[in-house]
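Visitor: Output the structure for:
(one chain, ligands or ions: 3)
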Amino acid sequence: MMKTGAEIVWECLKREGVKTVFGYPGGAILPTYDALTKYDIHHVLVRHEQGATHMADGYARAGGGVGVAIATSGPGATNMVTGLATAMMDSSPIVCITGQVGSKLIGTDAFQECDITGVTMPVTKHNYLVTSANDVARTIREAFYIAKSGRPGPVLIDITKDAQQGSTRFEYDETPIQLPGYRPDLSPAEKECLHAISLIKHAKRPVILAGHGIILSGATALVRQFAEKTHIPMAITLLGLGGIPASHPLNLGMMGMHGEAWVNKAIQEADLLLAFGMRFDDRVTGNLKTYAPNAKKIHIDIDPSEINKNVKVDVALVGDLKEVLEDLLPRVEANDRSEWNSYIRELKGDSAVRDIQNLPDSGHLYAAHVINDLWRETKGRALVVTDVGQHQMWEAQYYHHDEPRSLITSGGLGTMGFALPAAVGAKFARPDAEVWVVVGDGGFQMTMCELATIAQEKIDVKIAIINNGFLGMVRQWQEFFYEKRYAATPLVNPDFVKLAEAFGIRAMRVDQRHDVITSVESARKHPGPVLIDFRVEQEDSVYPMVPAGADLHAMIRRPSPIYETGEDE
Ligand SMILES: Cc1cc2nc3c(=O)[nH]c(=O)nc-3n(C[C@H](O)[C@H](O)[C@H](O)COP(=O)(O)OP(=O)(O)OC[C@H]3O[C@@H](n4cnc5c(N)ncnc54)[C@H](O)[C@@H]3O)c2cc1C
Ligand SMILES: Cc1ncc(C[n+]2csc(CCOP(=O)(O)OP(=O)(O)O)c2C)c(N)n1
Ligand SMILES: [Mg+2]
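Guide: Numbers count the residues shown, from 1 in each chain. Ligands and ions are numbered 1, 2, ... in the order given. Next comes the predicted model:
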């Protein structure tokens, strides 16, 4: 059957199971948009192409599928770079399709020409320039395969205008894809597995470091069973949160720069670390020279380039975590490690009791109150999408996630402006989920144009702006390390309530602690988007904190407890 390249784009997307795409049109992608009218695929018109990429990313992270974003050439394509880099850093599978000028014009500085495959080479898992309709189908199939197989990541397909307009015979090839040099299906050698089993057997103070890979590989139940059988406590990375229920007795909590003090101490005192699908980010290790100095290290990761990248390990098991654990679980011994576990419980001491709810209302509204109340009110069942900054860390500390894919956040690139569009994508992937955006007043203003998309599409997301009048996380660094010289961090903000109302979105303002619950209740009852402007304490800081590059156990604690009952914070 003869089809144009543009029609083949949609034919292939349909066969990949794509129901929703996020995009923004323009000249070089117009043939593809024109063909869309013949297909039953929902196109969400964003207000900025960065938004489309974060929506695709949020869609992928929430639902486990591949998100799709579309843009035109030149500025449309360059606006996608931040979203691609965000997805690349956090191993999120998205496919971005861009229009390109006609193939004969390439290299002439044609109108809206930009070498986007050149630009995005370092921020994509792979990218393609397609100059003929004949290559469209094969390329799209490969792109989806690459995005979701092995270590997931973003793929960009740049299609020239003539490739979209040209016609070719279309027969969908169903044969499994084989790409020379691409090996997403590695598995560890038996010798290495035996070595790991022996290290686990003899370890007295082991800790599992559970990362994003436990969610990406669908291994969360296996990790839990592994920990329960071996009685090994688990520390979680920011991107692993939710993978193990926060309430699980062996779940210690988050590790790293803003992790719990007892978690970092346990890691530093461990004699064995089992890294499961995590990449030893510098936010996680602190000073590498003093990181877990007495621990042997086992690293299970699907990407061989992660092995010995930051932390030298004793055993590397390269492969899919789920497959590796299916093999190891029956073979590891069921050790009793009560001494080590009770020692860690002692390390926790009172600081584990962050009883902020039961303290008298001092008239101050702290971000922690807002987030903890949101957790209580939603019974921990919301899908929360955060932006980047202090509110992101407070969310990680005070919203206790029990389900995989219930926290979506930009970890590696730390992209402000991520939350609002990513939440839109998440809601499309999981229409039944209660989606909350937790966003700072700074980051919100980076992509707030997507309120128009939310209004146009009538998307039921609830938006909690943690409004501290500052680029709070940067202000905190200035407070700690730059003698409180607040250069370029105070914000003069618009009236967020009026702003939301201008988009036809219901909004309210809260500046008293006792109004938090009622505002959340009222937002939840409303069958549509709601924005709440929470006016929180302006100069609060996130504790504990390991200063960048410092030893993991050298944490800055809260000088005088404001709302924790424990002293160890
Ligand atoms: C302001 C700010 C503060 C932060 N503070 C902290 C902090 O205190 N603590 C913290 O933990 N993080 C923190 N982060 C996040 C941090 O920067 C990293 O993003 C995070 O630690 C990475 O977690 P990860 O290694 O689990 O996930 P990723 O970076 O997504 O890495 C996943 C790993 O799993 C592997 N993998 C993928 N699929 C599979 C599979 N199927 N099988 C096996 N392996 C697989 C990948 O190859 C990769 O190595 C902070 C970020 C910001 C913006
Ligand atoms: C696009 C982008 N620019 C700059 C930064 C650096 N940065 C990290 S956190 C932060 C402040 C965020 O302020 P806000 O959104 O108000 O959140 P808060 O920290 O106050 O909760 C900044 C500027 C970033 N992460 N992303
Ligand atoms: Mg702020």
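
Visitor: rest of the way, CA atoms for contacts and neighbours
Guide: OK.

Visitor: and the residue of the stretch 201-350 of the chain found nearest ligand 3, helix, strand or coil?
Guide: The minimum distance from the stretch 201-350 of the chain to ligand 3, using CA to the ion, falls at residue 258 (17.2 Å). Look at residue 258: counting by DSSP: H, G, I helix; E, B strand; the rest coil, its state is coil.

Visitor: Contact partners for the spatially closest residue to it that is not a sequence neighbour?
Guide: Leaving out its chain neighbours, the residue that sits closest to residue 258 by CA to CA, 6 or more residues apart in numbering is residue 545, at 5.0 Å. Listed by CA atoms under 8 Å, 6 or more residues apart in numbering, the contact partners of residue 545 are 257, 258, 259, 555, 556, 557.

Visitor: so can I have TSV of these showing neighbour count and distance to residue 294?
Guide: Listed next are the contacts of residue 545 as TSV, based on neighbours: other CA atoms under 10 Å; distance: CA to CA, whole Å:
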residue	neighbour count	distance to residue 294
257	28	20
258	24	23
259	27	20
555	22	19
556	17	23
557	16	25
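
Visitor: Provide a list of residues in contact with the residue of the stretch 201-350 of the chain closest to ligand 3.
Guide: Contacts for residue 258 (CA under 8 Å, 6+ apart) come out as 393, 542, 543, 544, 545, 546.

Visitor: What is the longest helix seen in the chain packed up against?
Guide: In the chain, assigned by DSSP state H, the helix with the most residues is helix 49-63. Other elements packing on helix 49-63 under the criterion 3 or more CA pairs under 8 Å, 6 or more residues apart in numbering; DSSP states H and E are strand 20-23, strand 67-71, helix 81-89, strand 94-100, strand 407-408, helix 419-429.

Visitor: and with 7 Å instead?
Guide: Counting contacts by 3 or more CA pairs under 7 Å, 6 or more residues apart in numbering; DSSP states H and E, helix 49-63 packs against strand 20-23, strand 67-71, helix 81-89, strand 94-100, helix 419-429.

Visitor: Mind listing the strands the fourth one pairs with, and their directions?
Guide: Pairing partners of strand 94-100, with direction, according to DSSP bridges: strand 67-71 (parallel), strand 155-160 (parallel).

Visitor: Close to ligand 3: what parts of the stretch 451-569 of the chain are there?
Guide: Contact residues, the stretch 451-569 of the chain versus ligand 3 (CA under 5 Å from the ion): 468, 470, 471, 472.

Visitor: How many residues are close by the closest residue to the second one other than its chain neighbours?
Guide: To tie it back to what came earlier, the one meant is residue 470. Of all residues not flanking residue 470 in the chain, residue 490 sits nearest, at 4.5 Å (CA to CA, 6+ apart). Neighbours of residue 490 under the rule other CA atoms under 10 Å: 15.

Visitor: What of residue 262?
Guide: By other CA under 10 Å, 24 other residues sit near residue 262.

Visitor: Tell me which helix or strand it sits in.
Guide: Residue 262 belongs to helix 261-269 when elements are defined using DSSP states H and E.

Visitor: Name the next helix or strand downstream of that helix, please.
Guide: Heading C-terminal from helix 261-269 (DSSP H and E), you reach strand 272-276.

Visitor: Neighbouring strands of that following strand in the sheet, and parallel or not?
Guide: Using DSSP bridges, the strands paired with strand 272-276 in its sheet are strand 206-210 (parallel), strand 296-301 (parallel).
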